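>>> No letters, just coordinates:
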């Protein structure tokens, strides 16, 4: 009993089954040893479980796994006869996973540009199609909307058999405009089956209406769905990472003022600039970028449904194994 002996109660756990990782194992060995013979530094952290000797035990209760690394001894407890029990743990470096992480409010940058007023369109009908995201609205006349146009809308409707009044209000992107007097947007309602929708006030009452406008706005806070990526890193083992300070935590998405290098809250358009040659200044018409991204580049992020980073962190997972969390959402 001078050496650590693995006793009954040892087990292997799979901590990431719910996120689809079926290969990452955590080896939990319940050990017993004469208390006076135990030393907290019997094994160095990050030692692979390549053999019983490497694991500091008389015999392994399972096959050796050189991709499992020592992450610590825990749950020390005195036993009769001068013995000490403890749990010795080895773990694989978990696979990278991306999982849904709920919703939160995030402030998206403003978009600078020229605002143009368009005629009001009266909405005369509303419908949905099972399996197709969003709601289709019909206008009294040709709305002249196109795919990805921004519209401001205010509409009231109920579902068949349900008196609850739903309100669609705010700025939305046109997802489809296949007909001259119909367009589809996604206000965040999803149905498992086909249902009938009815406007409050009836067809053409003027209560439900919309405008087309360029996507011009000040910074706006929206409640958005998020997903988080988990990347696991063991310095000295993960390629390219010799120490924790080699890890760069990705920054939150931001708009940068090109002239100052500072973060700014609004994506701006390109403007007429001045180009100087050698010698006397020669004025030449050029496009000068005010921000990165520009207003057009940012709206392209929205159109292409690209994800932007809204939060990131680096934490200890087990032993010296670190977890880098990167939370993202779609640009809005």
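Cool, got the structure. Since the structure is predicted, the reported quantities are computational estimates derived from the model, not experimental observations.
>>> can you give me the helices for this protein?
52-55, 295-303 (DSSP state H).
>>> And those helices: which comes nearest residue 104?
Nearest to residue 104, of all the helices of the chain, is helix 295-303, at 18.4 Å by Cβ to Cβ. (Glycine included, C-beta is placed from N, CA and C.)
>>> Only the buried residues of the closest one, if you could.
Buried residues in helix 295-303, counted by 16 or more other Cβ atoms under 10 Å: 295, 298, 299, 301, 302.
>>> Now render these as TSV, adding distance to residue 92 and pLDDT.
Below are the buried residues of helix 295-303 laid out as TSV (distance: Cβ to Cβ, whole Å; pLDDT from 0 to 100):
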residue	distance to residue 92	pLDDT
295	46	92
298	40	94
299	43	91
301	36	94
302	39	92
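>>> Distance to residue 200 added to those residues, as TSV?
Formatted as TSV, the buried residues of helix 295-303 follow (distance: Cβ to Cβ, whole Å):
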residue	distance to residue 200
295	36
298	35
299	32
301	35
302	30
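>>> Which one of the residues you listed is nearest to residue 288?
Taking these together and measuring to residue 288 by Cβ to Cβ, the closest member is residue 295, at 13.7 Å.
>>> List the residues that contact that closest one.
Contacts for residue 295 (Cβ atoms under 8 Å, 6 or more residues apart in numbering) come out as 111, 112, 113, 267, 268, 269.
>>> Look up how far residue 217 lies from the closest residue to the first one other than its chain neighbours.
Closest residue to residue 111 apart from its sequence neighbours, by Cβ to Cβ, 6 or more residues apart in numbering: residue 295 at 5.0 Å. If you measure residue 295 against residue 217 using Cβ to Cβ, to the nearest Å, the figure is 10 Å.
>>> quick one: common contacting residues for those two?
residue 111.
>>> List phi and psi for residue 248.
phi -100, psi 120 (degrees, to the nearest 10).
>>> From here on, call the first residue 37.
All set: I'll call the first residue 37, so the last point we hit is now residue 284.
>>> Can you report how many residues neighbour it?
Residue 284 has 9 neighbours, counted by other Cβ atoms under 10 Å.
>>> Which pLDDT value does the model give it?
pLDDT for residue 284: 95.
>>> For it, which residues are in contact?
So residue 284 contacts nothing (Cβ under 8 Å, 6+ apart).
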